[in-house]
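Trainee: Next come a sequence and a model predicted from it.
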Amino acid sequence: MSAALVLLLLTCLSVVPEPAQGPEPAQGPSTAALQLAARCRTRVSPESPLWHSTEQTLAWQPGETCVVVCDMWDDHWCKPSAARVNELAPVMNEVLQAARAKGLLIIHCPSDTLDFYKNTPQRQLALAAPPFETQPALERWIRLMPQREAALPIDDSDGGCDCDPPVESRRAWSRQHPAIEILPGDAITDSAEAFYLMKQRGIRNVIVMGVHTNMCVLGRPFSIRQMVLQGQNVVLMRDMTDTMYNPARAPFVSHFSGNDLVVEHIEQYWCPTIESTVFTGRPAFRFSQDRRPRLTIVASEPEYGTAESLTEFRHELQQDFQVSMVYGDATDGSLLPGLDVLKSADLLLLSTRRRTPPPAQLQLVRDFIAAGKPVVGIRTASHPFHLRNQPAPAGRADWSDFDLQVNGGHYTNHYGAGPETTITLAAGVTPEHPLLQHVDTTRLRGKGSLYLVSPLAPSTQPILIGSIPDQPAEPIAWLNRRADGGRTFYTSLGHTGDFAQPDFRKLLRNACQLLTQPE
């Protein structure tokens with residue numbers, strides 16, 4: 001190689017923005033297939049509004065895979081958003097380092113800032129990819145596609161900024177965030193060039209990360225909607241993204257729950273999602289301000305419609321919790337697709353009736369409870385995992401002592417449908433009890449039949465008592481200190497008519513908050 005050519009190469013490398021100074025890797029990138037635990041969503045049944053969340057393993061070849069970094073700008077007009085990008089960028093850079101080491105192409109896409117990079121080899125790499133006609137045509141932006149997807153689950157019509165007071169939008173960015181290294185072999189673009197480069201390299205698989213999930217990550221020509229429409233295999237790295245969402249807008253959940261809802265929308269209508277753990281080996285990233293406990297709701301019972309009631313109630317819980325839903329299979333309600341999410345949960349809210357899951361699934365519940373973690377049970381959670389007077393079918397498991405061991409109850413039956421249940425405070429309980437904050441028990445009525453649950457175990461503390469005419473009163477809500485040291489809140493309320501009452505929903509929210517607070 002001539003001295004002039006060496007000098008030219010060195011000059012080109014010198015204009016790379018903030019290149020890494022670390023040592024060269026000791027060996028080439030791995031050729032082993034990437035094993036990606038991809039989360040996807042399918043409807044519980046063809047016409048159901050409910051969705052199962054399950055995982056599948058994708059095996060992608062590194063040489064056929066790229067990472068697209070979407071609009072991780074150096075600044076933003078919405079300062080809370082800019083602060084979250086500041087926190088996310090260094091962690092994303094570590095993910096990209098691991099992806100490069102595995103042989104993945106990194107395509108940086110900081111829209112509207114390409115003048116900053118016009119003389120870099122990475123920009124020239126993207127420009128050199130030969131263009132061609134695509135079907136459909138790649139556009140600068142594709143908005144919501146009603147023929148393929150429902151409306152977004154959040155209201156971002158105000159621009160999505162959670163500033164207080166609101167601020168005017170403007171172009172505040174000039175480059176990609178400096179914490180994200182742009183190294184030799186990477187590419188820089190903000191247009192269809194990204195897809196041209198993928199085709200030139202034989203890349204079929206795209207991992208998208210960056211911001212904002214409900215806007216650029218969905219709409220840009222290098223991102224989810226358009227890459228899926230071009231036939232690429234696409235996943236979103238769900239812990240490497242953030243949404244423009246203001247909690248003062250519908251559905252009035254926390255900012256981070258708003259992000260979760262948009263991720264779920266993507267899983268439902270566009271592509272699976274993965275976590276950065278597959279590259280870093282560390283737990284998934286969470287923003288420092290995201291302190292929500294993880295709540296898993298398991299709903300599988302045909303009597304009271306709690307799958308639908310709890311799904312609607314979920315938005316109220318999402319003000320304070322990261323909420324995952326697990327529903328029974330439409331054909332066999334004892335099968336609980338996606339129950340593995342319980343492994344990382346902090347709280348279980350249970351509403352199942354006489355289910356006999358496969359042994360491995362019931363063991364997930366047993367392990368969660370044995371670890372001393374808290375449980376909230378409603379209505380049929382007094383007989384959640386066993387049949388009436390018969391053993392579990394072959395290949396299935398049951399837990400006939402669940403009510404006594406977990407709830408501290410003694411369910412035997414219930415009265416027939418009839419008068420509403422009148423609810424009063426248990427002896428020694430005052431309206432100041434943490435479970436009863438902002439709950440007006442004088443308005444609360446039990447709309448379903450009264451359960452026979454007496455006598456309760458000595459480990460329980462009755463909170464509410466239910467009564468109907470001419471029958472003995474029964475405990476209707478109580479706390480239990482389990483033998484494993486954990487706590488359970490159980491209530492035999494849970495009828496559709498109960499969920500229609502704000503005081504019942506507040507009682508459940510109080511229980512979830514109480515059980516996830518340090519004692």
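Mentor: Thanks, I have it.

Trainee: Setting aside sequence neighbours, what's the nearest residue to the residue nearest in space to the middle of the chain?
Mentor: Most central in the chain under Cα atoms, centre = their mean is Asp260, positioned 4.6 Å from the mean C-alpha point. In space, Asp260 comes closest to Gln322 once its chain neighbours are excluded; the distance is 6.5 Å by Cβ to Cβ, 6 or more residues apart in numbering. In this view, the C-beta of every residue, glycine as well, is placed from N, C-alpha and C.

Trainee: Kindly report the same for Asn480.
Mentor: Closest residue to Asn480 in three dimensions, ignoring its sequence neighbours and counting by Cβ to Cβ, 6+ apart: Gly408, at 3.3 Å.

Trainee: Return the distance of the one you found relative to Leu508.
Mentor: Look at Gly408 and Leu508: by Cβ to Cβ, to the nearest Å, they are 18 Å apart.

Trainee: How is Arg509 assigned, secondary-structure-wise?
Mentor: helix (DSSP: H, G, I helix; E, B strand; the rest coil).

Trainee: thinking it is in contact with Glu316, fair?
Mentor: Yes. Counting by Cβ atoms under 8 Å, Arg509 touches Glu316, with 6.3 Å between them.

Trainee: Quick one: the helices in the chain, in order.
Mentor: 3-13, 79-101, 121-127, 193-201, 216-219, 224-229, 255-269, 277-280, 306-317, 359-370, 402, 496-499, 502-515 (DSSP state H).

Trainee: Lowest average confidence across these, which one?
Mentor: Per-stretch mean pLDDT for the helices of the chain is lowest at helix 3-13 (a mean of 34).

Trainee: For the chain, which helix or strand comes out least confident on mean pLDDT?
Mentor: Within the chain, confidence by mean pLDDT, DSSP states H and E is lowest for helix 3-13 among all helices and strands, at a mean of 34.

Trainee: about what we covered before: contacting residues for the residue nearest to the centre of the chain?
Mentor: Gln318, Gln322, Val323 (Cβ atoms under 8 Å, 6 or more residues apart in numbering).

Trainee: out of those, who has the most neighbours?
Mentor: Taking other Cβ atoms under 10 Å as the neighbour criterion, Val323 ranks highest of these with 27 neighbours.

Trainee: Now do the strands in the stretch 401-519 of the chain.
Mentor: Defined through DSSP state E, counting those that start in this stretch, the strands belonging to the stretch 401-519 of the chain, from first to last, are 413-414, 421-425, 445-446, 451-452, 460-467, 474-481, 487-491.

Trainee: oh sorry, the question was meant for the stretch 1-150 of the chain
Mentor: Assigned by DSSP E, counting those that start in this stretch, the strands in the stretch 1-150 of the chain fall at 34-43, 51-60, 65-70, 105-109.

Trainee: now for those strands, which one comes closest to Ser449?
Mentor: Across those, the minimum distance to Ser449, taken as Cβ to Cβ, is reached by strand 51-60, at 30.5 Å.

Trainee: gap between the two ends of stretch 349-361?
Mentor: Terminal residues of stretch 349-361 are spaced 16 Å apart (Cα to Cα, to the nearest Å).

Trainee: mind listing what's buried in it?
Mentor: Applying a neighbour-count criterion of 16 or more other Cβ atoms under 10 Å, one finds Leu349, Leu350, Ser351, Thr352, Arg353, Arg354, Arg355, Thr356, Pro357, Gln361 buried in stretch 349-361.

Trainee: Same check on stretch 447-463?
Mentor: Neighbour counts using 16+ other Cβ under 10 Å place 447-453, 456-457, 460-463 of stretch 447-463 among the buried residues.

Trainee: Relative to the whole chain's centre, how far out is it?
Mentor: What separates the centre of stretch 447-463 from the centre of its chain is 34 Å, taken as Cα atoms, centre = their mean, to the nearest Å.

Trainee: for stretch 437-448, same thing?
Mentor: 31 Å.

Trainee: So what's the model's average confidence on that stretch?
Mentor: For stretch 437-448, mean pLDDT is 97.

Trainee: Flag every buried residue along that stretch.
Mentor: Within stretch 437-448, the residues that qualify as buried by neighbour count (16+ other Cβ under 10 Å) are Val439, Thr441, Leu444, Arg445, Gly446, Lys447, Gly448.

Trainee: give me every residue that touches the fifth one.
Mentor: With contacts defined as Cβ under 8 Å, 6+ apart, Gly446 is in contact with Glu420, Thr421, Thr422, Ile423, Gly466, Ile476, Ser492, Leu493, His495, Asp498.

Trainee: Just give the closest residue to the fourth one, not the sequence neighbours.
Mentor: What it means is Ile423. Using Cβ to Cβ, 6+ apart, the nearest residue to Ile423 is Leu444, at 4.9 Å.

Trainee: That neighbour: what's it in contact with?
Mentor: Leu444 makes contact with Ile423, Gln501, Asp503, Phe504, Leu507 under the criterion Cβ under 8 Å, 6+ apart.

Trainee: and which of those is nearest Val278?
Mentor: Out of the contacts of Leu444, the member with the shortest distance to Val278 (by Cβ to Cβ) is Leu507, at 40.5 Å.

Trainee: Touching, the closest one and Phe489? I think so.
Mentor: No. Under the criterion of Cβ under 8 Å, Leu507 makes no contact with Phe489, lying 9.1 Å away.

Trainee: where do the contact lists of these two overlap?
Mentor: Shared contacts of Leu507 and Phe489, defined by Cβ under 8 Å, 6+ apart, comprise Leu435, Ala477.

Trainee: rewinding a little: quick one: which of the strands of the stretch 401-519 of the chain is nearest Gly338?
Mentor: Judged by Cβ to Cβ, the one of the strands of the stretch 401-519 of the chain that comes nearest to Gly338 is strand 487-491, at 22.8 Å.

Trainee: Quick one: mean pLDDT over that closest one.
Mentor: With pLDDT averaged residue by residue, strand 487-491 scores 98.

Trainee: so what strands line up beside that strand?
Mentor: Paired with strand 487-491 in the same sheet, following DSSP bridges, are strand 375-378 (parallel), strand 474-481 (antiparallel).

Trainee: Turn those into CSV, including mean neighbour count.
Mentor: Putting the strands paired with strand 487-491 into CSV (neighbours: other Cβ atoms under 10 Å) gives the following:
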stretch, mean neighbour count
strand 375-378, 25
strand 474-481, 22
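
Trainee: what's the closest of those strands to Ile203?
Mentor: Nearest to Ile203, of all these, is strand 375-378, at 46.5 Å by Cβ to Cβ.

Trainee: Relative to the whole chain's centre, how far out is the helix or strand following the closest one?
Mentor: With elements assigned by DSSP states H and E, the helix or strand that comes after strand 375-378 is helix 402. How far helix 402 lies from its chain's middle: 29 Å, per Cα atoms, centre = their mean.

Trainee: Need the contact partners of helix 402.
Mentor: Around helix 402, the neighbours that count as contacts under Cβ under 8 Å, 6+ apart are His383, Pro384, Phe385, His386.

Trainee: could I get the residues you listed as TSV with distance to Ala129, neighbour count and pLDDT?
Mentor: Rendered in TSV, the data for the contacts of helix 402 read as follows (distance: Cβ to Cβ, whole Å; neighbours: other Cβ atoms under 10 Å; pLDDT from 0 to 100):
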residue	distance to Ala129	neighbour count	pLDDT
His383	62	22	98
Pro384	57	26	98
Phe385	57	27	98
His386	62	19	97
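
Trainee: Rebuild those residues as JSON lines, extending it with distance to Thr516.
Mentor: What follows is those, written out as JSON lines (distance: Cβ to Cβ, whole Å):
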{"residue": "His383", "distance to Thr516": "25"}
{"residue": "Pro384", "distance to Thr516": "21"}
{"residue": "Phe385", "distance to Thr516": "23"}
{"residue": "His386", "distance to Thr516": "28"}
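
Trainee: about what we covered before: nearest to Ala128, of the strands of the stretch 1-150 of the chain?
Mentor: Using Cβ to Cβ as the criterion, the shortest distance between Ala128 and the strands of the stretch 1-150 of the chain is 13.4 Å, found for strand 105-109.

Trainee: what does the closest one rub up against?
Mentor: Counting by Cβ under 8 Å, 6+ apart, 65-71, 96, 99-100, 122, 126, 176, 180, 182-183, 185-190, 194, 197-198, 201, 203, 210, 220, 222-223 sit against strand 105-109.
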